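[1] When you get a sec, could you give me coordinates for this:
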Amino acid sequence: MAKVKIKQTGSPIRRPQDQRKTLIGLGLNKMHRVSELEDTVEVRGMIRKVSHLVEIVE
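    Residues are numbered from 1 along each chain as shown. You can find the predicted model right below:
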């Protein structure tokens, strides 16, 4: 299955609790950290939920 790399570019400070938990679920909790996950529907939904805090790395 395909992999997707995501990088955290925004801070979770002053964000709602569900967005913070979503970042932790994606394996991100500090700025500029990169996580590589399977490209599934669930992961895409999580990325969409915090799209203003992450970017997809090619």
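
[2] ok, which stretches of the protein are helices?
    17-25, 41-49 (DSSP state H).

[3] Output those helices as CSV; include the columns mean neighbour count and distance to Met1.
    In this view, the C-beta of every residue, glycine as well, is placed from N, C-alpha and C. Below are the helices of the chain laid out as CSV (neighbours: other CB atoms under 10 Å; distance: least, CB to CB, whole Å):
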stretch, mean neighbour count, distance to Met1
helix 17-25, 14, 18
helix 41-49, 13, 11
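
[4] got TSV for these, with distance to Lys3 too?
    Formatted as TSV, the entries for the helices of the chain read as follows, by distance: least, CB to CB, whole Å:
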stretch	distance to Lys3
helix 17-25	17
helix 41-49	10
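
[5] Would you format those helices as a markdown table with mean pLDDT included?
    Rendered in a markdown table, the data for the helices of the chain read as follows (pLDDT from 0 to 100):
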| stretch | mean pLDDT |
| --- | --- |
| helix 17-25 | 97 |
| helix 41-49 | 97 |
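
[6] Can you check which of those helices gets nearest to Ile6?
    Distances from Ile6 to each of these were compared by CB to CB, and the smallest falls on helix 41-49, at 6.2 Å.

[7] Let me see the contact set for the closest residue to Leu37 other than its chain neighbours.
    Closest residue to Leu37 in three dimensions, ignoring its sequence neighbours and counting by CB to CB, 6 or more residues apart in numbering: Val43, at 5.1 Å. Under the criterion of CB atoms under 8 Å, 6 or more residues apart in numbering, the neighbours of Val43 are Val4, Leu26, Leu37.
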